[in-house]
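*Asks:* Next one to model:
(one chain, ligands or ions: 2)
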Amino acid sequence: MWKPAEKLKHKAEPGVWPSADEAAASRLFSPVESGCFRLAQRTWVPAMVPWRATEDGFVTDDVLDWYEAMAKGRPGGLVIEATGIRDVPSGPLMRIGHDRFIPGLKELSNRVRAASNGETKLFIQLIDFLAIKRRPPKEKFIRRFLAVDEELRRKIGALDWPEEDVRDHLLGMEDEDLDTVLDERTRESLRMGYRERVTDLNLPHIAELPRVLPDLFADAARRAQQAGIDGVELHYAHAYTMASFLSAKNTRTDGYGGSREQRARLPLEVFRAVRKAVGDDYPVGCRFLADECIDGGGTVEDAVYFGTEFARAGMDFLSTSRGGKFDDAKQPGVGQAAYPYTGRSGYECMPAYISDTFGPFGRNIAPTAAIRDAVRAAGLETPVIVTGGIHGFEQAERILCDGQADIVGAARQTLADPVWFRKVRLGRGSEVRVCEFTNYCEGLDQKHKMVTCKLWDRLDMEETDLRRTPDGKRRTTAPAWCE
Ligand SMILES: Cc1cc2nc3c(=O)[nH]c(=O)nc-3n(C[C@H](O)[C@H](O)[C@H](O)COP(=O)(O)O)c2cc1C
Ligand code: SF4
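*Replies:* Residues are numbered from 1 along each chain as shown. Ligands and ions are numbered 1, 2, ... in the order given. Next up, the predicted model:
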């Protein structure tokens, strides 16, 4: 993963833990309500893909264990990982693109309800993404995938050569010379692997995204509702389709790109279709980027505009993230796919303990506060959720009391200790297993391996009936904790 040049080591410092009475009186553990969106406390577990579904996207026992463990911590809101809205093979990513996925998701919502004593509201993050291919071997790319057109022929002085001779010639060229004759997109496909863009209007299925996505999202949301899930979070963040529509790099010329208004058009149309499908009493919100954190990408000003428009349109909550883009991803190895959390923007999304002077904790607080201020200035009460490096009660309480956000999200801290919110609420904060922000978990995510926390494996490995990962080396769930 990319690291800031300063390479300063920061240690997670959760601060002083409250007594049970102090926790009971805190803002963090107070309810929040806005329209149909109600949480018993202002704690939130944002979406995390743990790579535990079946190869065809169904809920498994490992998926159930993962969410049950976090539900025992009784967070106000718990978001099920990014779940694909299309009925197409997507590897072991959870899916909701067909009614056959409803029973598994129903079991999941029942499990969460029981484990949290009915206190946690369960949401599901709905995702659409575009095609991305693995980085090809050079020979295979030049022999099979490269389009030999007139411009390329002209560049190498081979206008009338047989096509095979052109390919032979290109294969014999040094990499630097080859780079000078290939256009930017072709060069990217060779060096990084082919990746579709929302701006590829020459591809019919990309051109028609604004026609097909509202119904796909709406159908998925209706299934979530049928599965007993309490609300949906539209995934408008990171490297995926909807974030690419919002991106400052979206230059579509069909009314869905260019100005901020046009970039927000499809996300708003998707929201309206979802709202129509699930009704006014079902919470619908989105996760979007407070900052794209890439050269030429959208800034906090863009996010302020989007957040205000989403709230004005009637979204029930706004959750922010930052970065996580393909644009600055590192070159993958041959046979591997690019991963959007390997560049600077990836670091901004999941900052690790080796950081700059600001450090990895709370990098998204100020941008999120700016969004919230604008939403409030527009006269709207939409709750705003902030996430990023938050791992202590005092820090969370300060964010809420200073009016920087309404709800506090913690992803990796909850992965490290799925019941940490409950421990804090009971005045047993000293028992919290504090995340070290090493990103070991994120490395597993990158390889699409079952995600676990490295801290789990230091404890109680001799437990009987311990479930382990397929290689037998890691435990699949956090060490048990007795209330
Ligand atoms: C293993 C893993 C998987 C993640 N999957 C998702 C995801 O499905 N959707 C999403 O919006 N963010 C995802 N994230 C990002 C987190 O939700 C969160 O924004 C990020 O980790 C920063 O918050 P933290 O410092 O509290 O961990 C993932 C993070 C991790 C570590
Ligand atoms: S592996 Fe565990 S300690 Fe390390 S960042 Fe992930 S959750 Fe935190």
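*Asks:* quick one: residue 409 and residue 47 touch, right?
*Replies:* No - assessed by Cβ atoms under 8 Å, residue 409 is found out of contact with residue 47, at 9.6 Å. In short, each C-beta sits where N, CA and C put it, glycine included.
*Asks:* Of the two, give the one with the bigger neighbour count.
*Replies:* Between residue 409 and residue 47, residue 409 has the larger neighbour count (other Cβ atoms under 10 Å), namely 27 against 24.
*Asks:* Next, give phi and psi for that one.
*Replies:* The phi/psi pair for residue 409 (degrees, to the nearest 10) reads phi -100, psi 150.
*Asks:* Leaving out chain neighbours, which residue sits closest to it?
*Replies:* In space, and not counting its chain neighbours, residue 409 is closest to residue 387: 3.3 Å by Cβ to Cβ, 6 or more residues apart in numbering.
*Asks:* For residue 458, see how far away the one you found is.
*Replies:* 26 Å (Cβ to Cβ, to the nearest Å).
*Asks:* More neighbours: these two, which one.
*Replies:* Higher neighbour count among residue 387 and residue 458: residue 387, with 28 against 10, using other Cβ under 10 Å.
*Asks:* pLDDT below threshold where in this structure?
*Replies:* 464 (pLDDT under 70).
*Asks:* Flag every residue of it that's near ligand 2.
*Replies:* 412, 415-416, 435-441, 453-455 (Cβ under 6 Å from any ligand atom).
*Asks:* quick one: which of those is most hemmed in?
*Replies:* Neighbour tally across these (other Cβ under 10 Å): the maximum, 27 neighbours, falls on residue 412.
*Asks:* Which strand or helix spans the nearest residue to it once chain neighbours are set aside?
*Replies:* The shortest distance from residue 412 to any non-neighbouring residue, by Cβ to Cβ, 6+ apart, is to residue 435 (4.8 Å). Assigned by DSSP states H and E, residue 435 belongs to neither a helix nor a strand.
*Asks:* give me phi/psi at residue 435?
*Replies:* phi -60, psi 140.
*Asks:* how much space between it and residue 441?
*Replies:* Distance from residue 435 to residue 441, by Cβ to Cβ: 9 Å.
*Asks:* residues touching residue 328, list them.
*Replies:* Residues counted as contacts of residue 328 (Cβ atoms under 8 Å, 6 or more residues apart in numbering) are 2, 294-295, 343-346.
*Asks:* phi, psi of it?
*Replies:* Torsion angles, degrees, to the nearest 10, at residue 328: phi -120, psi 20.
*Asks:* Setting the sequence-adjacent residues aside, check what's closest to it.
*Replies:* residue 343 is the one closest to residue 328 (Cβ to Cβ, 6+ apart), at 3.2 Å.
*Asks:* For this structure, which residues are neighbours of ligand 1?
*Replies:* So the chain meets ligand 1 at 46-49, 81-82, 125, 237, 287, 321, 349-350, 387-390, 410-413, 441-442, 445, 451 (Cβ under 6 Å from any ligand atom).
*Asks:* Take these and keep only those in strands.
*Replies:* Cross-referencing these against strands under DSSP state E gives 81-82, 125, 287, 321, 387.
*Asks:* where does residue 111 fall, phi/psi-wise?
*Replies:* Main-chain dihedrals, residue 111, degrees, to the nearest 10: phi -60, psi -40.
*Asks:* hang on, it packs against residue 63?
*Replies:* No - the criterion here is Cβ under 8 Å, and residue 111 misses it with residue 63 at 9.4 Å.
*Asks:* Compare these two and say which is more crowded by neighbours.
*Replies:* Comparing residue 111 with residue 63 by other Cβ under 10 Å, the one with more neighbours is residue 63, at 24 against 18.
*Asks:* and the gap between the more buried one and residue 48?
*Replies:* 12 Å.
*Asks:* What of residue 81?
*Replies:* 6 Å.
*Asks:* Skip the chain neighbours and tell me the closest residue to residue 50.
*Replies:* residue 451 (4.2 Å).
*Asks:* How many residues are close by that neighbour?
*Replies:* 23.
*Asks:* Could you find the closest non-adjacent residue to residue 444?
*Replies:* Nearest to residue 444 is residue 451, by Cβ to Cβ, 6+ apart, at 4.8 Å.
*Asks:* Kindly report the same for residue 231.
*Replies:* Nearest non-adjacent residue to residue 231 (Cβ to Cβ, 6+ apart): residue 283, at 3.2 Å.
*Asks:* Residue 317 is in contact with that neighbour, correct?
*Replies:* Yes - with contacts counted by Cβ under 8 Å, residue 283 reaches residue 317, the gap being 6.8 Å.
*Asks:* Neighbour count: those two, which is higher?
*Replies:* residue 317 (27 against 22).
*Asks:* dump the residue contacts of that one.
*Replies:* 34, 37, 233, 283, 285, 382-385, 407.
*Asks:* which one among these gets closest to residue 471?
*Replies:* residue 233 (32.4 Å; Cβ to Cβ).
*Asks:* Buried residues in the host helix or strand of residue 261, which are they?
*Replies:* When elements are assigned from DSSP H and E, residue 261 belongs to helix 260-278. For helix 260-278, burial by neighbour count (16 or more other Cβ atoms under 10 Å) applies to 262-271, 273-275, 277-278.
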